[in-house]
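# attaching a predicted model along with its sequence, questions to come.
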Amino acid sequence: MDFQPTLPIPISFISGRYLLFSIDAVTYLRREHNTCGVLIGTLPQIPQQNVFLGLPLELMPEEARLLVDKGVACIVDEAKAQKDGMQSLLEEDRRQYLRELESQGLQAARIVAGRKEQQKEDYFKKSLEKKGKKKPNVQSKETSNGDPTASPTGPSTANDEPASLGDFFAGDSSSSRGTSNSTPNPQHTYGVTPTTSYPPLPHPSASSDAILSRPDVPLSYPLFAHMHTRGYFLSPGLRFGCQYVAYPGDPLRFHSHFLVVSAEWDQDINLMDIIIGGRLGTGVKKGFLLGGPQKEKPEDGSEIERTESVRTFSIEWAGM
C-alpha cells in the first residue's frame with residue numbers, strides 16, 4: 001500500500017539548502033508530484049562513496065517553491081525547530097525514545113543472527129549431500145575371522161564423516177540452532193541511527209516561528225513550473241551545460257528529451273549560443289529547449305509580465 005504522509009511535508013532548511021530526510025516523503029513526492037531532487041548522503045563507512053548516494057535528498061529552490069505553492073510542503077528552519085523542540089521535550093520522552101531505538105537494534109540483531117544460522121545450516125546440508133553422492137571406499141573382503149560378508153570393525157579415523165546434521169552441532173557450545181530466537185548480547189546489539197528527529201521532537205505547527213516563507217527562486221522558475229505542469233520531471237542540467245534536463249517520465253524509466261534553458265522575453269541572445277545549444281542537444285540525442293515568461297504591452301504603454309503564459313522553442317541541429 002502506498003504511503004500517504006501528513007501534509008504539508010516539512011522540508012528542512014539547513015545552511016541554505018532544502019533537504020528531505022524521510023524516505024517515505026521522498027518516495028511520495030517522486031511518485032505523486034514528479035519531484036526527484038538529488039541524493040547527497042554517504043555512508044559513514046564509505047566516505048568516498050560516489051556512485052550510489054543516499055539520504056538526505058536535496059531539492060532545488062524551484063522544486064521547494066513549487067511544492068510550497070501547491071500546498072504539499074512547508075519550509076522549516078531546522079536549527080530553530082530543533083532548539084524549540086528540545087526545550088519542550090521532557091526527560092521521560094527522551095528515555096522512551098532511546099528505549100525504542102534499543103528495541104529496534106535488538107530486533108535487527110535477532111534477524112541477522114537468524115539469517116547467519118540459516119546460512120550455516122544450508123551450507124552443512126549441502127556438504128552432507130555432496131558427501132553422500134560420492135562413491136564409498138572399496139573395503140577388503142577379508143576380515144579377521146575370514147568371513148567375507150562381515151562388516152569391518154575398528155576405531156574410527158579422523159576422516160570419518162558425521163552420520164547426521166545434528167552431529168555437526170553436537171558439542172558445539174558456540175553454535176545453537178535456536179540462536180535466532182535468543183536475545184543477542186548487549187555488545188552485539190545494532191545501533192540505530194534515525195534519519196529524522198520527528199519523533200521525538202514534535203512537528204512545527206503552521207503558526208510556529210520555525211516555518212519560513214516561500215523560497216527565493218531564480219528567474220527561470222516560470223519555465224520550470226511550466227514544464228512541470230506538462231508532466232515533465234526536471235533535474236539539474238549542469239552535466240549537459242544547461243539549466244534543467246527534462247524527462248517525459250521518471251528518470252529511472254526514461255531518457256531525457258530536452259536540454260532546458262530559460263531566457264527573459266526581451267533578453268538579447270547571441271546567435272552562437274543558440275547554435276551551440278542546438279548542436280549539443282542533437283549530439284546527445286536531445287532537443288534544445290529555450291523559453292521564458294511572455295510579456296505583453298497594453299494599449300496604455302505600460303508593461304505587464306504574464307508569468308502564467310510561457311512560450312518555448314525547441315531547436316534541433318539538422319544536416320542538409
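Sure thing, it's come through.
# remind me which residues of the stretch 1-150 of the chain are low pLDDT?
For the stretch 1-150 of the chain, the stretches with pLDDT under 70 are 1-3, 44-45, 47, 49-50, 134-150.
# let's see it at 80
Across the stretch 1-150 of the chain, the stretches falling below the confidence threshold (pLDDT under 80) are 1-3, 43-52, 86-91, 94, 133-150.
# please, where are all the strands along it?
Under the criterion DSSP state E, counting those that start in this stretch, the stretch 1-150 of the chain contains strands at 9-14, 17-20, 38-41, 54-59, 73-77.
# give me the buried positions along the fourth one.
Along strand 54-59, the positions that meet the burial threshold by neighbour count (16 or more other CB atoms under 10 Å) are Pro56, Leu57, Glu58, Leu59. C-betas here are computed from N, CA, C, even on glycine.
# ok, Gln119 - how many residues close by?
The local packing of Gln119 (other CB atoms under 10 Å) involves 10 other residues.
# what do you get for Thr6?
The local packing count at Thr6 equals 8, with neighbours defined by other CB under 10 Å.
# how close does it sit to Tyr198?
Plainly put, Thr6 is 11 Å away from Tyr198 if you go by CB to CB, to the nearest Å.
# if we can go back for a sec, any idea which of the strands of the stretch 1-150 of the chain gets closest to Val245?
Closest approach to Val245 among the strands of the stretch 1-150 of the chain is made by strand 38-41 (11.8 Å; CB to CB).
# that closest one: how far from the chain's middle?
Mean C-alpha position of strand 38-41 versus that of the full chain (CA atoms, centre = their mean, to the nearest Å) differs by 8 Å.
# list the helices and strands that strand packs on?
Taking 3 or more CB pairs under 8 Å, 6 or more residues apart in numbering; DSSP states H and E as contact, the helices and strands that strand 38-41 lies on are strand 54-59.
# tell me what angle the strand it packs on forms with strand 73-77.
100 degrees (axes from the mean of the first three to the mean of the last three CA atoms, to 10 degrees).
# alpha carbons of strand 54-59, in CSV - could you do that?
Output in CSV follows, covering the C-alpha atoms of strand 54-59 (Å, rounded to 0.1, in the frame of the first residue of the first chain):
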residue,chain,number,x,y,z
GLY,A,54,21.6,8.1,0.0
LEU,A,55,19.6,10.4,2.2
PRO,A,56,19.2,13.3,2.6
LEU,A,57,17.7,14.4,-0.6
GLU,A,58,18.5,18.0,-1.7
LEU,A,59,15.8,19.9,-3.6
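# tilt between that strand and strand 9-14?
Angular relation of strand 54-59 and strand 9-14 on a 0 to 180 degree scale: 90 degrees, by the same axes, to 10 degrees.
# partners of strand 54-59 in the sheet?
Using DSSP bridges, the neighbouring strands of strand 54-59 in the sheet come out as strand 17-20 (antiparallel), strand 38-41 (antiparallel).
# looking at these, which is buried most?
Stretch with highest mean neighbour count among the strands paired with strand 54-59: strand 17-20 (a mean of 21; mean count of other CB atoms under 10 Å).
# would you turn the strands of the stretch 1-150 of the chain into JSON lines with distance to Gln107?
Listed next are the strands of the stretch 1-150 of the chain as JSON lines, based on distance: least, CB to CB, whole Å:
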{"stretch": "strand 9-14", "distance to Gln107": "27"}
{"stretch": "strand 17-20", "distance to Gln107": "26"}
{"stretch": "strand 38-41", "distance to Gln107": "24"}
{"stretch": "strand 54-59", "distance to Gln107": "21"}
{"stretch": "strand 73-77", "distance to Gln107": "30"}
